[in-house]
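Trainee: quick one, fold the following:
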Amino acid sequence: MNRARKTTVTLADFKRFDKRAARGLEVARALDRCEPLPHSALVHILRFDDFLRVLTPKRFELLHLARTGKRTIAELAAVVQRTPSAVARDIGKLRQLGLVDVNDESAPADGKRKVVRPAADKIEIQRSNR
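Mentor: Residues are numbered from 1 along each chain as shown. As a prediction, this is how the structure comes out:
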């Protein structure tokens with residue numbers, strides 16, 4: 001004989017559902033507006049020589065430093081002994097490749113600062129046959 005199992009549903013279960021529904025609604029609205037989808041990752045596929053041309057040794061160093069924790073453009077510039085504007089240009093290229101994210105955060109002294117973080121924990125290069 002099959003025994004019916006007793007299930008308890010709590011308010012926390014509904015809150016979890018509300019969060020999922022809200023994320024789904026954000027995605028639906030972005031699709032309606034033809035905007036980039038929230039909660040998604042952008043994957044770039046490049047030819048290897050193009051990738052190496054963009055990922056110069058200086059940019060690779062910045063990417064490596066960004067992996068050690070969130071750092072501002074000014075902090076990165078100080079570590080690599082370059083101007084903040086040159087570092088910002090290189091970070092922009094890394095951002096276009098989808099390798100880093102740059103977010104504005106509030107800073108107590110000067111209002112806002114740009115914080116650089118790696119966009120992924122892992123980067124893979126795969127070989128494909130022509």
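
Trainee: residues near residue 97, how many?
Mentor: 18 (other CB atoms under 10 Å). (C-beta placed from N, C-alpha, C; glycine too.)

Trainee: who's in contact with it?
Mentor: By CB atoms under 8 Å, 6 or more residues apart in numbering, the residues touching residue 97 are 44, 46, 51, 54, 55.

Trainee: can you map out the strands along the protein?
Mentor: Counting by DSSP state E, the chain has strands at residues 71-72, 100-107, 111-118.

Trainee: could you identify which of those is most buried?
Mentor: Counting by mean count of other CB atoms under 10 Å, strand 71-72 has the highest mean neighbour count of those, with a mean of 18.

Trainee: now for that strand, which elements pack on it?
Mentor: strand 111-118 (3 or more CB pairs under 8 Å, 6 or more residues apart in numbering; DSSP states H and E).

Trainee: partner strands of the strand it packs on and their direction?
Mentor: Paired with strand 111-118 in the same sheet, following DSSP bridges, are strand 71-72 (antiparallel), strand 100-107 (antiparallel).

Trainee: gap between stretch 20-39 and the chain center?
Mentor: 17 Å (CA atoms, centre = their mean, to the nearest Å).

Trainee: mean confidence score for that stretch?
Mentor: Averaged across stretch 20-39, pLDDT comes to 80.

Trainee: same thing with stretch 97-115?
Mentor: For stretch 97-115, mean pLDDT rounds to 81.

Trainee: ends of it, how far apart?
Mentor: Chord length of stretch 97-115, first to last residue, is 17 Å (CA to CA, to the nearest Å).
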